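1. Model the following, please.
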Amino acid sequence: MGNQQSSAPSSPPAACAACADGQPSAKEAPSCPVNPRHRNPAVYNVYGERINDPNNPQPKSPLQSIQGADMLDPKNNMPLEPNQLPCPGQRKPLSTERVASTIPKGGTDGTWLFPSPQMVFNALRRKGKGDDVTEDDMDGFIAAHNSMNEATWQRVMLWESLHRPECDYPTLLRFQGKPHDLSPLAWIRNLLGGPAPFDRHDWIVDRCGREVRYVIDFYFYDDKAGTPEAFEIVARPAVDSLESALDRVKMNIYIKFAEWGLPCPITGHSGTVVAKQQQQQQQVAQPSGAGSS
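-> Numbers count the residues shown, from 1 in each chain. Predicted coordinates:
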């Protein structure tokens with residue numbers, strides 16, 4: 001995802017109810033569910049730097065400091081983003097077009113933009129990854145990347161549905177990749193003989209003025225390649241507060257009751273969590289070309 005937002009206002013996300021049927025759908029949600037006064041005004045770029053801080057000048061990305069930002073894009077006579085330039089040794093031109101996600105961008109009325117094929121290719125080379133990924137592979141790589149992020153947001157929204165009465169429209173404020181940092185859960189799973197995740201993200205969600213951190217581990221199972229079970233996204237609120245710890249307990253109870261075919265122990269309604277999880281897994285298994293790292 002990138003440091004800009006799409007120009008079109010985003011529609012309220014279709015968050016599923018964690019435990020009960022009969023919750024309002026996306027169509028029933030109000031068109032302007034969050035009072036701007038209850039929204040975090042900060043806007044961040046892809047590097048986690050605030051870009052609208054009145055007390056500090058506009059930050060420069062790491063690539064800007066390396067490559068400079070004096071070149072103009074002939075399409076609009078605006079400064080060309082340095083990470084949209086071809087990298088050394090690149091054999092074929094790559095698209096610089098960026099696709100708007102459905103993930104609402106904190107501090108704005110728009111959504112996060114996914115990186116272009118050129119930006120992702122540059123990032124892979126800069127990080128010393130993807131040596132076996134060529135320019136011809138980028139379309140499929142981008143499709144999988146975008147679908148993974150969309151599916152991750154749906155998992156976050158599943159958790160956020162626990163707080164729908166207090167915030168009907170959470171947004172993604174900023175995020176950080178931590179590929180070399182094992183989360184406590186990933187460490188335990190690895191210690192018990194499971195594979196380590198291939199990536200980890202920390203996502204900071206703006207819950208109508210409150211910042212809530214989510215930890216996301218991404219797994220890929222080679223022996224299940226080509227099946228819905230090949231990818232696994234494990235998203236949960238970080239235990240930064242008692243409330244988040246209770247959310248984990250409540251969600252596990254809801255999921256277990258749904259798996260057992262029992263009604264929600266809180267509301268008495270039939271659970272919808274398992275069906276929603278299966279739908280989300282299909283999203284990852286069947287990525288679409290339409291859409292951070």
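2. quick one: low-confidence ranges for the stretch 1-150 of the chain?
-> Applying pLDDT under 70 to the stretch 1-150 of the chain flags the ranges 1-37, 57-82.
3. Looking only at the helix or strand containing residue 154, what residues are buried by neighbour count?
-> Here residue 154 is covered by helix 138-160, with elements defined by DSSP states H and E. For helix 138-160, a neighbour-count test (16 or more other C-beta atoms under 10 Å) marks 138, 141-143, 145-160 as buried. Bear in mind the C-beta positions are built from the backbone N, C-alpha and C, glycine included.
4. ditto for stretch 211-220
-> For stretch 211-220, a neighbour-count test (16+ other C-beta under 10 Å) marks 212-219 as buried.
5. Phi, psi for residue 200 please.
-> As for residue 200, its main-chain torsions (degrees, to the nearest 10) stand at phi -140, psi 140.
6. need the strands for the chain, in chain order.
-> 72-73, 78-79, 100-104, 111-113, 171-177, 199-207, 210-220, 231-237 (DSSP state E).
7. Distance to residue 258 added to those strands, as a markdown table?
-> Listed next are the strands of the chain as a markdown table, based on distance: least, C-beta to C-beta, whole Å:
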| stretch | distance to residue 258 |
| --- | --- |
| strand 72-73 | 50 |
| strand 78-79 | 50 |
| strand 100-104 | 25 |
| strand 111-113 | 30 |
| strand 171-177 | 26 |
| strand 199-207 | 24 |
| strand 210-220 | 21 |
| strand 231-237 | 17 |
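8. Quick check: which of these is nearest to residue 92?
-> Closest to residue 92 of the strands of the chain is strand 72-73 (C-beta to C-beta; 19.8 Å).
9. Read off the pLDDT value for the nearest residue to residue 253 once chain neighbours are set aside.
-> Spatial nearest neighbour of residue 253, excluding adjacent residues (C-beta to C-beta, 6 or more residues apart in numbering): residue 265 at 6.5 Å. Listed pLDDT for residue 265 reads 74.
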